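Student: just a sequence and a predicted model for now, questions to come.
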Amino acid sequence: MSSIPASAFLALALILFCIGLYGALTKRNTVIVLISIELMLNAVNINLVTFSKYGVTPSITGQVFALFAISVAAAEAAVGLAILIALYRNKKTVNIDEIDSMKN
């Protein structure tokens, strides 16, 4: 078995999630907010894999959920960047404070 305890993985996931949450709540640049959301999703994936390996009944279920979460995150990043590019073409900015309406 691995010599790294589960608490190390959970602490890493906690730190990553907190950094992502801080970035998503405090930054004004839309690209940074999208990156912060991806960071939070990766922290969740670390938790899923950790509990899959070190849980009460170890199985592959958490790893399968992590793969689904990675695919959803990839689709979310693609759609988010496409929306961001369209907003930048219309508004000429990626600042969240200036992108507050659906009209031009």
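Tutor: Here it is on my side, so go on. Predicted, not measured: the structure shown is a model, and the values here were computed from it.
Student: shouldn't Leu34 be within a helix?
Tutor: Yes - counting by DSSP: H, G, I helix; E, B strand; the rest coil, one finds Leu34 located in a helix.
Student: now it, nearest residue through space, not along the chain?
Tutor: Counting by Cβ to Cβ, 6 or more residues apart in numbering, Leu34 lies nearest to Gly80, which is 5.0 Å off, once chain neighbours are set aside. Glycine gets a C-beta too; all of them are placed from N, C-alpha and C.
Student: which stretch of helix or strand covers the residue nearest to the spatial centre of the chain?
Tutor: Nearest to the geometric centre of the chain sits Glu38, at 2.3 Å (Cα atoms, centre = their mean). Assigned by DSSP states H and E, Glu38 belongs to helix 30-54.
Student: so how far is that helix from its chain's centroid?
Tutor: Here helix 30-54 shows a centroid-to-chain-centroid distance of 5 Å under the convention Cα atoms, centre = their mean, to the nearest Å.
Student: list the buried residues of it.
Tutor: By neighbour count on 16 or more other Cβ atoms under 10 Å, the buried set for helix 30-54 is 30, 33-34, 36-54.
Student: same question, stretch 76-96
Tutor: Here stretch 76-96 shows 80, 84, 94 as buried, counting by 16+ other Cβ under 10 Å.
Student: dihedrals phi and psi, the last one?
Tutor: Dihedral angles of Val94 (phi, psi; degrees, to the nearest 10) stand at phi -120, psi 10.
Student: what's near enough to touch it?
Tutor: 29-31, 84, 87-88 (Cβ atoms under 8 Å, 6 or more residues apart in numbering).
Student: how about the nearest residue to Ile60 once chain neighbours are set aside, what does it touch?
Tutor: Using Cβ to Cβ, 6+ apart and skipping the chain neighbours, the partner closest in space to Ile60 is Ser52 (6.6 Å). If you count contacts by Cβ under 8 Å, 6+ apart, Ser52 has them with 58-63, 65-66.
Student: need these in TSV (columns: pLDDT and secondary structure).
Tutor: Below are those laid out as TSV (pLDDT from 0 to 100; DSSP: H, G, I helix; E, B strand; the rest coil):
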residue	pLDDT	secondary structure
Pro58	85	coil
Ser59	88	coil
Ile60	90	coil
Thr61	89	helix
Gly62	89	helix
Gln63	91	helix
Phe65	92	helix
Ala66	93	helix
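Student: cheers, nothing more for now.
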